[in-house]
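Novice: sequence unknown, structure follows:
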């Protein structure tokens, strides 16, 4: 009879423990199967409380290579890119669809779906004075330059887009620009 | 600046022009890319301003000292020329910079802002205490009435406890009830035991407290920023990735305070964060990126001293299960919300799906593979469809149920 009471008590206790609160993680069965030995991305800090998400070692190049961009973030750099930088990609249906999708994610929130500068953040007064593409004298080179370095209120979007993706966005922006005219 | 002597039409026109042309670099009261423009008419002559706005490069080239000085003060950043503006346009804009914004309708200073942030009504604990007090009072009154009636000579009845004791004696002697009780107990125990065991390692509803009170509702819900704007790794990588602070700074470089009536309701105890607390949270992000507010010059200065933001990862798959975001987001085109739930409504993110194997398999069994633009595999898909006698194969039929797909 004693052990029976003990079992019931145990069951009640475990059920309470497992309910827990939602702020702490649940009980894990065999944690060494759950938690990886190498450090996981976005995981807890590694030994010595060093943050796990780190920049690659300086000078690291991915296996597919990186196209260098050495035009500096200055007024002269902007003018240089505007005149000299050319889009290496050929316009195809695929690049334009891709560009449209990426534009929708990264640009439309400010510049508007049509490129008229009337995105949701502009409508909600978070950013004002976003220009209509047709009012600005831009070239494919200057669009790419601004994507890389940002300009005025716009920040750099280089970390969010890959090399080809940036050029696809440039293609789509140019398409919008021609449609607005 | 009283509203009665303001030409409302000119103010409105000026504001419209200012918002569409100037506001990307200028604010009235604060330095942005260019200087604050409130009261600029007192600092410069009208002719100078017109010349500058229409074509500042020409003005500088003509050797105007003031023009060159301001150009150099702002590190040689070019202001866009506005030759399309007429003199009247410019006068309207300048008029607006002098008179400022029209007063908000219905804003009576001193009335709002004084109320506590709670959603009205008494706090919960007070209600509980009051409720308990009322119950105790009733019990005391009932007891008193009973004693009074007994003193008056009413026959003494066995109380509630007495009745219960009699019932208990009866139950103790009844073997049938014993058996029934044991069976009931075992069933209840089994129910709780299985419930407990099935929850081991399942983190559904896990909602850790984050370092910064970042509200997905404000960003993805109200402002409709796409998930992948910040989680840009999802389309190419195994992980969706927590954005680095430079992505935050794309907007927060210029947005350092929330709108007047913004509120974030935290999960715990209904804590409401208002503008004051939320502005602090934005300051945290800016500090993490290395920007600190200089009280004296009233600008954000870059110091280079960055900090880490200790986000707590919410979704953790065990190490023995392989999952790849790009496979689901880019190849299959699954919407983020399918697994992560209505994140755009969450003030604090919680794990929406159980992320158990059964949950994965269920989706793999139901989801048809989209074969469009996939000619390379057209033949094998056709054969498989013939084999299973279906029009379109599901992921499971394509091998999405094989153990080795996720466990290796």
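Specialist: Nice, I can see it. Every value quoted in this text rests on a predicted model; they were computed, and no experiment measured them.
Novice: residues from the stretch 301-408 of chain B in reach of chain A?
Specialist: Residues of the stretch 301-408 of chain B lying close to chain A (C-beta under 8 Å from any C-beta of the partner chain) are B:308, B:311, B:313, B:316, B:318-320, B:350. (C-beta placed from N, C-alpha, C; glycine too.)
Novice: so where is the stretch 201-350 of chain B shaky, pLDDT-wise?
Specialist: B:268-269 (pLDDT under 70).
Novice: if we can go back for a sec, among the residues of the stretch 301-408 of chain B next to chain A, name the buried ones.
Specialist: Using 16 or more other C-beta atoms under 10 Å in any protein chain shown as the burial test, these include B:311, B:316, B:318, B:350 as buried.
Novice: Which two among the residues you listed are spaced furthest apart?
Specialist: Farthest-apart pair in these is B:311 and B:318; separation 20.2 Å (C-beta to C-beta).
Novice: First-to-last residue distance for stretch B:329-344?
Specialist: Using C-alpha to C-alpha, to the nearest Å, the end-to-end distance of stretch B:329-344 comes out at 17 Å.
Novice: quick one: buried residues of that stretch?
Specialist: B:329, B:336, B:339-340, B:343-344.
Novice: got the contact list for it?
Specialist: Identification of contacts with stretch B:329-344 by C-beta atoms under 8 Å, 6 or more residues apart in numbering or on different chains yields B:216-217, B:220-221, B:227-228, B:231, B:234-236, B:240, B:315, B:328, B:349, B:352-353, B:355, B:363, B:367, B:370.
Novice: Need the buried ones from those residues selected in ChimeraX.
Specialist: To isolate the buried members of the contacts of stretch B:329-344 in ChimeraX, using 16+ other C-beta under 10 Å:
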select /B:216,217,220,221,227,228,231,234,235,240,315,328,349,352,355,363
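Novice: Quick check: closest non-adjacent residue to residue A:108.
Specialist: Using C-beta to C-beta, 6 or more residues apart in numbering or on different chains and skipping the chain neighbours, the partner closest in space to residue A:108 is residue A:119 (5.7 Å).
Novice: what's the answer for residue A:51, then?
Specialist: Per C-beta to C-beta, 6+ apart, closest to residue A:51 is residue B:308, 5.2 Å.
Novice: biggest separation within the residues of the stretch 301-408 of chain B next to chain A, which pair?
Specialist: B:308 and B:320 (29.2 Å).
Novice: List the residues that contact the nearest residue to residue B:236 once chain neighbours are set aside.
Specialist: Residue nearest to residue B:236 in three dimensions, not counting chain neighbours: residue B:326, with 5.4 Å by C-beta to C-beta, 6+ apart. Contact analysis of residue B:326 by C-beta under 8 Å, 6+ apart lists B:234-238.
Novice: Over to residue B:275?
Specialist: By C-beta under 8 Å, 6+ apart, residue B:275 lies in contact with B:257-262.
Novice: any idea how far it is from chain A?
Specialist: In this view, residue B:275 and chain A are 15 Å apart by C-beta to the nearest C-beta, to the nearest Å.
Novice: Distance of that residue relative to residue B:346?
Specialist: Distance, residue B:275 to residue B:346, by C-beta to C-beta, to the nearest Å: 20 Å.
Novice: thought the residue nearest to residue A:51 was touching residue B:290?
Specialist: No. Using C-beta atoms under 8 Å, residue B:308 is not in contact with residue B:290; the gap is 11.8 Å.
Novice: Distance-wise, check the one residue sitting closest to the centre of chain A relative to chain B.
Specialist: Most central in chain A under C-alpha atoms, centre = their mean is residue A:160, positioned 3.7 Å from the mean C-alpha point. In this view, residue A:160 and chain B are 4 Å apart by C-beta to the nearest C-beta.
Novice: Please identify the helix or strand for that residue.
Specialist: Secondary structure assignment for residue A:160, by DSSP states H and E: no helix or strand.
Novice: for residue A:60, same thing?
Specialist: Going by DSSP H and E, residue A:60 is not part of any helix or strand.
Novice: which residues touch it?
Specialist: No contacts exist for residue A:60 under C-beta under 8 Å, 6+ apart.
Novice: who are the neighbours in contact with residue B:284?
Specialist: Per C-beta under 8 Å, 6+ apart, neighbours of residue B:284: B:211-212, B:309.
Novice: Get me the contact residues on the stretch 151-300 of chain B for chain A.
Specialist: B:185, B:189, B:192-193, B:195-196, B:199-203, B:205-209, B:222-226, B:228-229, B:232, B:236, B:238-239, B:241-242, B:244, B:246-247, B:249-251, B:253-255, B:267-268.
Novice: Now intersect those with the helices, please.
Specialist: B:185, B:189, B:192-193, B:195-196, B:199, B:228-229, B:246-247, B:249-251 (DSSP state H).
Novice: List buried members of those residues by neighbour count.
Specialist: B:189, B:192, B:196, B:199, B:228-229, B:247, B:249-251.
Novice: closest to chain A among the residues you listed?
Specialist: Nearest to chain A, judged by C-beta to the nearest C-beta, of these is residue B:250 at 3.5 Å.
Novice: Leaving out sequence neighbours, find the closest residue to the closest one.
Specialist: Closest to residue B:250 by C-beta to C-beta, 6+ apart is residue A:155, at 3.5 Å.
Novice: That neighbour: neighbouring residues, count only.
Specialist: Residue A:155 has 20 neighbours, counted by other C-beta atoms under 10 Å in any protein chain shown.
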